[in-house]
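here's a sequence, model it:
(3 chains)
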Amino acid sequence: MHNYIAELNPIQQEAVKSIKGPNLIIAGAGSGKTRVLTYRIAFLLENGIPAKSILALTFTNKAAKEMKERIASVVGQSTSRNLWMGTFHSIFAKILRNEAKLLGYTSNFTIYDTTDTKSILKNIVKEMNLDDKTYKPSDVYGRISMAKNNLITAAAYPANAQLMEFDKSSRKPEIATIYKHYTQRCFKADAMDFDDLLLNTNILFRDFPEVLAKYQSIFSHILVDEYQDTNFSQYLIVKKLATNHQNLCVVGDDSQSIYSFRGAKIENILNFRNDYPNYKSFKLEQNYRSTQTIVDAANSIIAKNKFQIPKTVFSKNEVGNKIKVHNAITDTEEGFIVANEIIDSRLTNQLNFSDFAILYRTNAQSRIFEEALRKRNIPYKIYGGISFYQRKEIKDLIAYFRLVINPKDEEAFRRVINYPTRGIGDTTISRLFEFAQQENFDIWTILENINTINIGINKGISQKIHQFFTFIKALSAKLYTCNAFDLASEITLTSGITHELHNDKSPESVSKYENIEALLNGIQEFTTDTEEEIGQMITLDMYLENISLLTDADNEKPEDRDKVTLMTIHSAKGLEFNSVFIVGVEEELFPSKYSSTTAQELEEERRLFYVALTRAKKEAAISYCRSRYKWGSLESCSPSRFIKDIDSEYLDMPKEASIFTEENFETSRNQYFKKPTIQASQEATYQPTLRGKNLMNINNAIHKKVEATEITDITLIQVDMQVEHERFGFGTIIQVEGEYPNTKATIVFKNSGQKQLLLKFAKLRIIN
DNA sequence: GTATAAACACTTTTT
DNA sequence: GTGTTTATAC
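Sure thing, here's the model as predicted:
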């Protein structure tokens, strides 16, 4: 084992070695926090603490994955894989599945995402005959989520005078009732939403002391990353687990607390001293990431905040360049300025595209940069926004999976009962749910007895419902007898989704079809890889568990390596880039006009700016526009107060207001377009991202072109043929089995190894 | 009950 | 500008 301790400065070393009792590590931006956490875990392992006794909680899946890899490189994978490391949500989802019976759930419970939740709330509001403009799903969800994160259950909500008063004064007195109905619905559907994963963990630990005791003794050492962003529910889980041994190490930076809108309590880190009086604290103040200019500029802005733990972050790196401030007439121009800067800087400083990041306040800003980068032929990748798993066709297919695994899943049922159309319309569905509500049945029980109950549905339709019931039931029966990929393929084919998409020749359908193919390929990859790893059949429920808490950011693809990164500042937390562009730094946008009313909100926006700036290693640039399109119409805007908050000695302000005036703007914009547009050969290698309609059309155009020349009649595929696959590359067919159209081929790919592919989905091109 | 077109509302950040 | 809901004809 290499001597990792020597890589640390004295304070970092102390923080790593202090393994007993409560520890608070205040880690300034770029101070080597991940390194300390990683080595601390390695040190624990080295000192005889078994991996399975260490619980390390992170804020994102990505952070967990990264840390796992780093630990594996120090202690080896066979040890590191036994660590309990992951997000709060994923770790406690796992524990809840183990203990589900105690709470009246099954271990196959569904996890509802935000979309599912809002959709159910919408239905409830409708069923209660409330005004859907007053009770907007997102507002109702916000109230319920806030309550859950503060451990106020539906039963306790009406007794809370403060909440009830607030609802009354905001003319939403029925929130408590909606909350009650929603909770009942989730329970009947054997489903939990994101907040339930934490709330129910608390309930589990409160109501079953022996279960709490079990996990208290399993987890002898607990680490929590990004402690400043934990909410009350998370805080209490940690507190309960650590009560006995108090071997708790929390790491965080109050200056980087940016999730209070989601219930995060900065007080958790500020009050650590009160909860654990015997605590030891370590302040990591040396920034190893950024130039002095960047660190000093960041300090100068965060100094404007009143509430913070005193600390002095400093850098001993080079002084570096000043922060460039760009101003643009319009958002379009801003896009081109950034694109041009990237091209220039890449050449002058010999950088890769992946050294650049464009960070914005809202996802809506990304489109304009996509267009500018695309016109300049700069490769980029986008995080956030509409994730792959949120696309309609993917959600639909996954809804079938969900229903097969958990037939009570109300939301999944609603999605697919009439997709593809089966002649079961809204009226019928409403009747079914009305009846369910009235008799307190779950939806599956009603389907099961559809022929014996009388709810005014005609024979023909109840016949169709019965057909659907037997269809799902038959698939459910196969859940544990065949592997995830086989069952998923079967569902895909028999549900009629592919048939539906196949009949429709529109570009949208082609794209959807390809997304479904991509999902199935992903399932196959997961199934084969995991089966190999754990030597056990992987069933569909295991696959679903694996993806239900994932986001796009967790699926880094190898072809995404040298690309400019576009993301919100929130998702950039924890990352670093050589060169960072903070864009749209305007009043009302950053700080957001929704977060400018109270001093606390403004401080959080300022911390967000601090996070953005401290992502940069060498260069940072800020830009703002004088006008920008907001929901379709042009609005004028003014530079953000945050620019004035930065000590001007660190800024390189634009000499003139702008080199562009209103009159010459059209001509000047044309200059940007003057350079040659995308060449055909380059366009073909361009990897599209999964976002935005414009982009989708381009994808479609590309794919269409490819399809016309490449699609292969699958009946031609034979053993020994050389083929090319979109994703896996070149390979040789070694086996063909199954009846058309469900012919399966085993192919050995040069670079991707052996795969079994359903020829119906795998688009292969025959080479010889 | 289904398929289209017009009207409509919406955007802060994420597990 | 975009995705979703409603009005209208089939």
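
C-alpha from now on. contacts and neighbour counts both.
OK.

how about the strands in the stretch 501-650 of chain A?
A:564-568, A:577-582, A:616-625, A:627-630, A:633-636 (DSSP state E, counting those that start in this stretch).

can I get those strands in TSV including mean pLDDT, mean neighbour count and distance to DNA strand B?
TSV is the format used below for the strands of the stretch 501-650 of chain A (pLDDT from 0 to 100; neighbours: other C-alpha atoms under 10 Å; distance: least, C-alpha to the nearest atom of the strand, whole Å):
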stretch	mean pLDDT	mean neighbour count	distance to DNA strand B
strand A:564-568	94	23	5
strand A:577-582	97	23	14
strand A:616-625	96	24	17
strand A:627-630	89	16	7
strand A:633-636	86	11	9
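
that's a strand at A:Asn82, yeah?
No - counting by DSSP: H, G, I helix; E, B strand; the rest coil, A:Asn82 is not found in a strand; it is coil.

tell me who's in contact with it.
Residues counted as contacts of A:Asn82 (C-alpha atoms under 8 Å, 6 or more residues apart in numbering) are A:51-52.

on that earlier part again, any chance of the strands of the stretch 501-650 of chain A in JSON lines, plus distance to DNA strand C?
Output for the strands of the stretch 501-650 of chain A, formatted as JSON lines (distance: least, C-alpha to the nearest atom of the strand, whole Å):
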{"stretch": "strand A:564-568", "distance to DNA strand C": "17"}
{"stretch": "strand A:577-582", "distance to DNA strand C": "22"}
{"stretch": "strand A:616-625", "distance to DNA strand C": "17"}
{"stretch": "strand A:627-630", "distance to DNA strand C": "8"}
{"stretch": "strand A:633-636", "distance to DNA strand C": "7"}
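
in chain A, where's the longest helix?
The longest helix of chain A (DSSP state H) is helix A:507-534.

other SSEs contacting it?
helix A:392-405, helix A:484-494, helix A:497-503, helix A:540-547, helix A:693-710 (3 or more C-alpha pairs under 8 Å, 6 or more residues apart in numbering; DSSP states H and E).

ok, which stretches of the stretch 101-250 of chain A are helices?
In the stretch 101-250 of chain A, helices defined by DSSP state H, counting those that start in this stretch lie at A:114-127, A:137-149, A:161-169, A:175-188, A:194-207, A:209-218, A:232-242, listed in chain order.

and A:Glu500, which of those is closest to it?
Smallest distance to A:Glu500 across these (C-alpha to C-alpha): 23.5 Å, for helix A:114-127.

alpha carbons of that closest one, as PDB, please.
C-alpha atoms of helix A:114-127 as PDB (Å, rounded to 0.1, in the frame of the first residue of the first chain):
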ATOM      1  CA  THR A 114     -41.100  13.900  -8.600                       C
ATOM      2  CA  THR A 115     -43.100  13.500 -11.700                       C
ATOM      3  CA  ASP A 116     -45.100  10.500 -10.300                       C
ATOM      4  CA  THR A 117     -45.800  12.400  -7.100                       C
ATOM      5  CA  LYS A 118     -47.000  15.500  -8.900                       C
ATOM      6  CA  SER A 119     -49.200  13.500 -11.100                       C
ATOM      7  CA  ILE A 120     -50.900  11.700  -8.200                       C
ATOM      8  CA  LEU A 121     -51.300  15.000  -6.400                       C
ATOM      9  CA  LYS A 122     -53.000  16.400  -9.400                       C
ATOM     10  CA  ASN A 123     -55.400  13.500  -9.500                       C
ATOM     11  CA  ILE A 124     -56.200  13.900  -5.900                       C
ATOM     12  CA  VAL A 125     -56.900  17.600  -6.300                       C
ATOM     13  CA  LYS A 126     -59.200  16.700  -9.100                       C
ATOM     14  CA  GLU A 127     -61.000  14.000  -7.200                       C
END
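
near DNA strand B, anything from that helix?
Yes - for helix A:114-127, a contact with DNA strand B is found by C-alpha under 7 Å from any atom of the strand, at A:Thr114.

so for that helix, what gets flagged as buried?
A:116-118, A:120-125 (16 or more other C-alpha atoms under 10 Å).

circling back: distance to A:Phe336 for the strands of the stretch 501-650 of chain A - can I get that in TSV?
Shown next, in TSV, are the strands of the stretch 501-650 of chain A (distance: least, C-alpha to C-alpha, whole Å):
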stretch	distance to A:Phe336
strand A:564-568	14
strand A:577-582	13
strand A:616-625	11
strand A:627-630	14
strand A:633-636	18
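
find the closest residue to DNA strand B in chain A.
Relative to DNA strand B, the nearest point of chain A is A:Gly423 (2.9 Å; C-alpha to the nearest atom of the strand).

element containing that residue?
Using DSSP states H and E, A:Gly423 is not contained in any helix or strand.

circling back: reformat the helices of the stretch 101-250 of chain A as a markdown table; add mean pLDDT and distance to DNA strand C.
Converted to a markdown table, these look like this (pLDDT from 0 to 100; distance: least, C-alpha to the nearest atom of the strand, whole Å):
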| stretch | mean pLDDT | distance to DNA strand C |
| --- | --- | --- |
| helix A:114-127 | 91 | 8 |
| helix A:137-149 | 93 | 10 |
| helix A:161-169 | 93 | 24 |
| helix A:175-188 | 95 | 18 |
| helix A:194-207 | 97 | 20 |
| helix A:209-218 | 97 | 41 |
| helix A:232-242 | 96 | 30 |
